[in-house]
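Colleague: Build me a structure from this.
(2 chains)
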2 protein chains.
Amino acid sequence: MKKIGLQTYEIEKNISVIATTSLVGNKEGQGPLADYFDFIEKDDKMGEKTFEKAERTMFLKALSDVIKKAGLKKEQVDLYVGGDLMNQLVSSNYVASELQIPFLGLYNACATMTESLIVGASMLEAGGAKNVMCATGSHFSTAERQYRYPLEFGNQRQSYAQWTVTGVGATMLSSTHSSNVKIKKVTIGKVTDFGITDIANMGAAMAPAAMETLSTFFEETKTNQKDYDLIATGDLGKLGSDIFKDLMKQKGYDIETNYIDCGHMIYTIDQDTLQGGSGAGCSASVFNSYIIKKLSSGEFKKVLLISTGALMSTTTNQQGDSIPGIAHLVMLEGK
Amino acid sequence: MKKIGLQTYEIEKNISVIATTSLVGNKEGQGPLADYFDFIEKDDKMGEKTFEKAERTMFLKALSDVIKKAGLKKEQVDLYVGGDLMNQLVSSNYVASELQIPFLGLYNACATMTESLIVGASMLEAGGAKNVMCATGSHFSTAERQYRYPLEFGNQRQSYAQWTVTGVGATMLSSTHSSNVKIKKVTIGKVTDFGITDIANMGAAMAPAAMETLSTFFEETKTNQKDYDLIATGDLGKLGSDIFKDLMKQKGYDIETNYIDCGHMIYTIDQDTLQGGSGAGCSASVFNSYIIKKLSSGEFKKVLLISTGALMSTTTNQQGDSIPGIAHLVMLEGK
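Modeller: Numbers count the residues shown, from 1 in each chain, chains lettered A, B, ... in the order given. Prediction:
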């Protein structure tokens, strides 16, 4: 890799996205992106006794599928990198144990999808590894009870809240097999804290991190929004996206025309998700379906994916601390 | 990097450990390794109102010190990789926010020290980055209340329990600055689950993972215990170490003579820590003090460090699941 500026790296090897899998829950399957997902699960418990076990089952199904789609045997996958929103990354640990593929656990909250693509691409650049599997996901019901309230409590949701996506996205990167979608550049984010303390208002907590990462990428690569067909943030939601667009405008970039937020587009307004989707599974499922399919077909040539993470914790929140955010960027090119 | 076998990689660039810092609490400072630590904190709260805030303060002090010792400005540190035992890695997030260095959060429980050295070395091998800071740590009082019981509850500890080390270890790796301690090989572990369900019995949960990783390393490099001056596991404790030695013997390797466990050696038997130390700060503080100093002085020439992680979660434990383990290996050479 070649370093450009302080945070951006240019990938020098030919690193392709050779297979992707997206798996979502019933609600996501009723949204506008239904046609793009590989699997839509009608049962949010996937036949399991608990939501936590269901989340693992989702991971196992998606990861087994992406290995198969890539035409690889398990033993040919050198490395699995990724994580999830559960404390101690239990869903990822479980599937890593089942699959018996060497594993590096990552956690940057909902920014873990792009974090895993960055670590995966770096391992391929370093050499030795040829195929690296990158994955993350989330489940509405496990996240709600871990981060906020048990569902049975039936609390009223704030108008600025978001809805954790039930979904998993998996990407197989390869330096030996080739496809027409390549990872070309990455920007590693800094933790950014604008002092938001409300754990329901994640869009506001993450928007400054997205702004810092995207504007740094533009500065370091001497490009701007006009050089890309699509700029996609992970899960800022409607409110967070509006804040993000305003912050970018203050930096001198008007991203109105070719910008989407995965969280904003995964549900329709009548699905009652307030500001839209969030969660590690949000940018993971949208990137590994809608975005990849449009890159493969040639509809998009150059795409920036900026997954965004709110690094919130119930413990520190109860101690009055603010919620820091982080955003990592990956630039992809189609043929 | 060059891949040897399925899990082991040989580092091809000249990657040096150019600075290390170890910071521990009062209890660790009364143990047999006191002379090796850089900082011994008399106050486990470090002047803060909560243990969680104290843990962050520990991280900030250790990381600021390692940057200074390396003779670098903050802006010259390309990347910070690491994590901690707190849910959502809050201690690391906080210090990454304070330092404003690009950050990749990692979590493999107490195996995060070697995980961070592996990711750090890979980023340097990939090129672009020149200086990468790797760090992890833990705090007895934050870990006890998150994973087991609040201290005020005063529960009786099981005879096979361990004691979470209050400590932080930080390593600055560089591909441009040089020292006489180099990272030469790494083995990325698989998640291993032998079915232990008792969250106090972490040594037993981690020993199989350590055995899998070390025996894989021996097989893939065609070496054995006689080729190394020191083999150090992270935090198996006395009981876990005994199980590990037995498991290695079953694999045909008698590691009795040059083997230590960081958790076993950090406390004396009269310090009432039962099976000894554990926690991400255990191998982190012992590696970045005792082991590095003996590598630098030439007393050890070839060392294997195998940090060991019990990927336990209160949620999955309460749902009856077993505790998977993971172990990553780093081989270091002195002059």
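Colleague: show me the contacts for A:Ile196.
Modeller: Contacts of A:Ile196 were listed using Cβ atoms under 8 Å, 6 or more residues apart in numbering or on different chains, and they are A:204-205, A:322-323. For every residue, glycine as well, the C-beta is placed using N, CA and C.
Colleague: Top of these by number of neighbours, please.
Modeller: Neighbour tally across the contacts of A:Ile196 (other Cβ atoms under 10 Å in any protein chain shown): the maximum, 28 neighbours, falls on A:Ala205.
Colleague: re earlier: so can I have a markdown table of the contacts of A:Ile196 showing secondary structure?
Modeller: Shown next, in a markdown table, are the contacts of A:Ile196 (DSSP: H, G, I helix; E, B strand; the rest coil):
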| residue | secondary structure |
| --- | --- |
| A:Ala204 | helix |
| A:Ala205 | helix |
| A:Ser322 | coil |
| A:Ile323 | coil |
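Colleague: now those residues as JSON lines including distance to B:Thr223 and pLDDT?
Modeller: Listed next are those as JSON lines, based on distance: Cβ to Cβ, whole Å; pLDDT from 0 to 100:
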{"residue": "A:Ala204", "distance to B:Thr223": "54", "pLDDT": "93"}
{"residue": "A:Ala205", "distance to B:Thr223": "49", "pLDDT": "93"}
{"residue": "A:Ser322", "distance to B:Thr223": "50", "pLDDT": "93"}
{"residue": "A:Ile323", "distance to B:Thr223": "48", "pLDDT": "94"}
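Colleague: Which two among those are spaced furthest apart?
Modeller: Within those, A:Ala204 and A:Ser322 form the most distant pair, 10.8 Å apart (Cβ to Cβ).
Colleague: Overlap in contacts, those two.
Modeller: Common neighbours of A:Ala204 and A:Ser322 (Cβ under 8 Å, 6+ apart) are A:194, A:196.
Colleague: Pretty sure A:Ser91 sits in a helix.
Modeller: Yes. Under three-state DSSP, A:Ser91 falls within a helix.
Colleague: Against chain B, how distant is it?
Modeller: Going from A:Ser91 to chain B by Cβ to the nearest Cβ, to the nearest Å gives 9 Å.
Colleague: With A:Thr50 instead?
Modeller: Taking Cβ to the nearest Cβ as the measure, A:Thr50 falls 6 Å from chain B.
Colleague: so what's that residue up against?
Modeller: By Cβ under 8 Å, 6+ apart, A:Thr50 lies in contact with B:Gln319.
Colleague: can you do 10 Å?
Modeller: For A:Thr50, the contacting residues are A:56, A:141-142, B:315-316, B:318-321, by Cβ atoms under 10 Å, 6 or more residues apart in numbering or on different chains.
Colleague: again with A:Gly281
Modeller: Residues near A:Gly281 by Cβ under 10 Å, 6+ apart: A:22-25, A:28, A:55, A:58-59, A:62, A:84-85, A:110, A:112-113, A:136-140, A:143, A:164-169, A:235, A:262, A:266.
Colleague: Give the helix, strand or coil label for it.
Modeller: Criterion first, three-state DSSP; result for A:Gly281: helix.
Colleague: Can you give me the end-to-end span of stretch A:218-232?
Modeller: When the termini of stretch A:218-232 are compared using Cα to Cα, to the nearest Å, they are 14 Å apart.
Colleague: And chain B, is it touching that?
Modeller: No. Interface with chain B: stretch A:218-232 contributes nothing (Cβ under 10 Å from any Cβ of the partner chain), its closest point being 11.7 Å away.
Colleague: domains of chain A?
Modeller: Annotated domains of chain A cover A:2-174, A:182-333 [automatic domain parsing].
Colleague: what about the longest one, average pLDDT?
Modeller: Averaged across domain A:2-174, the pLDDT comes to 97.
Colleague: The residue lying closest to A:Ser116 once chain neighbours are set aside: what secondary structure?
Modeller: Leaving aside its sequence neighbours, A:Ser116 sits nearest to A:Cys134 (Cβ to Cβ, 6 or more residues apart in numbering or on different chains; 3.7 Å). On the three-state scheme (three-state DSSP), A:Cys134 is labelled strand.
Colleague: For A:Cys134, which residues are in contact?
Modeller: For A:Cys134, the contact set (Cβ under 10 Å, 6+ apart) comprises A:17, A:20, A:66, A:79-82, A:106, A:112-121, A:123, A:169-173, A:284, A:288.
Colleague: now do A:His328
Modeller: A:His328 touches A:7, A:108, A:111-119, A:186-189, A:209, A:213, A:234, A:305-309, B:102-104, counting by Cβ under 10 Å, 6+ apart.
Colleague: Kindly confirm my reading that it is in a strand.
Modeller: Yes. Counting by three-state DSSP, A:His328 falls inside a strand.
Colleague: any idea how far it lies from A:Arg157?
Modeller: Separation of A:His328 from A:Arg157 (Cβ to Cβ, to the nearest Å): 28 Å.
Colleague: ok, now A:Asp270?
Modeller: Going from A:Asp270 to A:Arg157 by Cβ to Cβ gives 16 Å.
Colleague: Same drill for these two, tell me which one is more crowded.
Modeller: A direct count of neighbours by other Cβ under 10 Å for A:Asp270 and A:Arg157 places A:Arg157 higher, at 16 against 7.
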